[in-house]
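>>> Dropping the sequence and predicted coords here.
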There are 2 protein chains.
Amino acid sequence: MTADELKGHLDALILATLSHQSLHGYAVIEALKSRSGGKLALPEGTVYPALHRLERSGLLASEWAHDGRRRRVYSLTTRGQRELGLSRARWREFTTTIEAVLA
Amino acid sequence: MTADELKGHLDALILATLSHQSLHGYAVIEALKSRSGGKLALPEGTVYPALHRLERSGLLASEWAHDGRRRRVYSLTTRGQRELGLSRARWREFTTTIEAVLA
DNA sequence: CCTTGACACTTAGGCAACCTAGGTATAGCC
DNA sequence: GGCTATACCTAGGTTGCCTAAGTGTCAAGG
């Protein structure tokens, strides 16, 4: 999985991960890794800025949890859920378009 | 189809387009447009540099044709054909990975 | 006790890829 | 002659993911 392939799809992956349950940043990284069978081993420098970006644009909300360690727990907003739906639709259109050419 | 979604997949699209027949640059753009049902309307500033890049890396070969206009006709090299196979395999792995998370 | 490694977060700067925008030039049509 | 489509080129900008470096906590082993 190269970095360039991922471009433009990371936000959808994060939204999808957080649609099951709210998670803190580090756990998002772990979840992406496990749900992809180890294929998506994204560095922190990729995921954390993405979380910040998604929060700034109102698709995620976060709050600090202080159970021993300091953790910032992210959850989908209503707009985030809507955006996830749109992202999935865009993904389907994207793959059918590429496959029409690639086949 | 946003620009970022495309990133990392353009080379495969061009290789696939040229696997059917050799084409000059402008015709590659047209072919991508028609084979994608109009979804892939890539500007020249995207496709021409990509063709140059692919030629530099030995996946394409080109020669000038002088039937009235000057046209640079591109064709797949043996390495280009091999790379197309690898690209298709990578594409399959990419989509299954993303879909495992997105589903 | 203290070092090591996993956990947890942050961010500045780099790089690669695609696009914008500008340019050149030929051919065909009205 | 002017307009449009064809055909090519490329400098520079934007964007997004990654590298790398930093801070700090906690648990385990020597």
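In hand now; what should we look at? Residues are numbered from 1 along each chain as shown, chains lettered A, B, ... in the order given.
>>> Please tell me how far the residue nearest the centre of chain A sits from DNA strand D.
For chain A, A:Ile14 is the residue whose C-alpha lies nearest the centre (C-alpha atoms, centre = their mean; 1.0 Å). Distance, A:Ile14 to DNA strand D, using C-beta to the nearest atom of the strand, to the nearest Å: 9 Å. No exception for glycine: its C-beta is placed from N, CA and C like everyone else's.
>>> any idea how far that residue is from A:Ser75?
Distance of A:Ile14 to A:Ser75, computed by C-beta to C-beta, to the nearest Å: 12 Å.
>>> Mutual contacts of those two, please.
With contacts taken as C-beta atoms under 8 Å, 6 or more residues apart in numbering or on different chains, the residues that reach both A:Ile14 and A:Ser75 are A:Leu60.
>>> what does chain A put close to chain B?
A:1-9, A:12-13, A:16-17, A:32, A:35-37, A:39-40, A:87-88, A:90-91, A:93-95, A:97-98, A:100-103 (C-beta under 8 Å from any C-beta of the partner chain).
>>> helix or strand for the residue lying closest to A:Ser36 once chain neighbours are set aside, which one?
Residue nearest to A:Ser36 in three dimensions, not counting chain neighbours: B:Thr97, with 5.0 Å by C-beta to C-beta, 6 or more residues apart in numbering or on different chains. Secondary-structure assignment from DSSP states H and E places B:Thr97 in helix B:78-102.
>>> in that helix, what counts as buried?
B:80, B:83-84, B:87-88, B:90-91, B:94-95, B:97-98, B:101-102 (16 or more other C-beta atoms under 10 Å in any protein chain shown).
>>> between it and helix A:78-102, how many degrees?
Orientation check (axes from the mean of the first three to the mean of the last three C-alpha atoms, to 10 degrees): helix B:78-102 against helix A:78-102 gives 150 degrees.
>>> I'd guessed A:Ala61 sits against A:Glu55; true?
Yes - with contact defined as C-beta atoms under 8 Å, A:Ala61 counts as touching A:Glu55 (6.8 Å).
>>> which residues of chain A fall in strands?
Under the criterion DSSP state E, chain A carries strands at the ranges A:23-24, A:60-67, A:69-76.
>>> Near A:Arg35, how many other residues are there?
19 (other C-beta atoms under 10 Å in any protein chain shown).
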